[in-house]
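Novice: Return atomic coordinates for the entry below.
(one chain, ligands or ions: 1)
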Amino acid sequence: MRVSVRSMILKPRRLVSSFSRIFSTHSKIEMSNLEEAKKLAAYAAIDNHVQSGNVVGIGSGSTVVYAVERLAQRVQTEKLKISCVPTSFQARQLIIKHNLKLSDLDITPSLNVCIDGADEVDSNLNLIKGGGGCLLQEKIVASCAKQLIIIADFTKNSCKLGDQYKKGIPIEVVPTAYVPIKRKLESRFTGEIDLRMAINKAGPVVTDNGNFILDWKNFDQTLNWENVNQQLISIPGVLCTGLFVNMAKKAYYGMADGLVKVQE
Ligand SMILES: O=C[C@H](O)[C@H](O)[C@H](O)COP(=O)(O)O
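Specialist: Numbers count the residues shown, from 1 in each chain. So this is what the prediction gives:
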């Protein structure tokens, strides 16, 4: 288990100057604090961890949008040669939209780095992921990368999992097994287990892989997440959990004051 946490604050010079240019010429454009924070983190991580020749895993979610935007800028301006492996339908669409080279794990099974968001990060760099339903492919792609680098706004930086993120730990399950899995989880752990329901569609959320998601809410925050993850994935029908334990190398947080904090 990771015992030391080192934080540092980066002042991304290139970013500060490009932001001040944006705001001086478009002073009426207001980017929300959170969106600005996501962008800062994403740009800094791409600048620090991607170089020409790399195979890059592209995570999912709203923060990754900025990472792909920055990658596309660097491909244009620096003529970077990179291949991108998506972790979801959304990531694949982003790669295509920005004319980046699309790859997959058949073609490039070994990645230099995977850049991804998170719903919450604790002081040991354990993560909750899957708030957007993309956990399984994210975990597979991250496991093939030398480094998993997390990008997030400042609200994701917690001491313990569950401090701030209240939507629960996602668990991707085979649809036919969701009732027995829910019952097993309720008998073994405290908290509630909810089948994630879709919005604008009757019935449950169906993942990119055709599965259901159970969200485990109000869990005991003092649990050993490595053990819990092992227990969960040993239940037949559980395909993946949104607990990413001992996987992330660093987390970049865009802060409200325009700086970037790095946790490692
Ligand atoms: O299922 C979604 C993924 O795990 C995302 O990476 C995670 O939910 C964070 O997304 P966002 O960057 O939108 O906060």
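Novice: ok, the nearest residue to Val121 once chain neighbours are set aside - contacts?
Specialist: Counting by C-beta to C-beta, 6 or more residues apart in numbering, Val121 lies nearest to Ala251, which is 4.9 Å off, once chain neighbours are set aside. Glycine gets a C-beta too; all of them are placed from N, C-alpha and C. Remark: with contacts taken as C-beta atoms under 8 Å, 6 or more residues apart in numbering, Ala251 is in contact with Ala118, Val121, Leu125, Ile149, Ile150, Ile151, Ala152, Lys156, Asn157, Val262, Gln263, Glu264.
Novice: I'd say Asn209 and Pro175 touch.
Specialist: No. With contact defined as C-beta atoms under 8 Å, Asn209 and Pro175 do not form a contacting pair (10.6 Å).
Novice: Show me which residues of the stretch 51-200 of the chain sit near the ligand.
Specialist: Residues of the stretch 51-200 of the chain lying close to the ligand (C-beta under 6 Å from any ligand atom) are 59-63, 116-119, 129-135, 138.
Novice: Mind giving me the ChimeraX command for buried ones among those residues?
Specialist: If you want just the buried ones from these in ChimeraX, going by 16 or more other C-beta atoms under 10 Å, the selection is:
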select :59,60,61,63,116,117,118,119,129,130,131,132,133,134,135,138
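Novice: tell me the phi and psi of the closest residue to Gly59 other than its chain neighbours?
Specialist: Sequence neighbours aside, Asp116 is the residue nearest to Gly59 in space, at 2.5 Å (criterion: C-beta to C-beta, 6+ apart). Summarising the backbone geometry of Asp116 under the convention degrees, to the nearest 10, its torsions are phi -150, psi 160.
Novice: Look up how far Gln137 lies from Asp116.
Specialist: Taking C-beta to C-beta, to the nearest Å as the criterion, Asp116 is separated from Gln137 by 11 Å.
Novice: cool, Leu185 as well?
Specialist: Using C-beta to C-beta, one obtains 23 Å as the distance from Leu185 to Gln137.
Novice: Would you mind telling me which of the two has the busier surroundings?
Specialist: Summary of the neighbour comparison: Leu185 and Gln137, criterion other C-beta atoms under 10 Å, with Gln137 having more neighbours (24 against 21).
Novice: ok, that one - contacts?
Specialist: Contact criterion C-beta under 8 Å, 6+ apart gives Pro86, Thr87, Ser88, Asp208, Asn209 as the residues in contact with Gln137.
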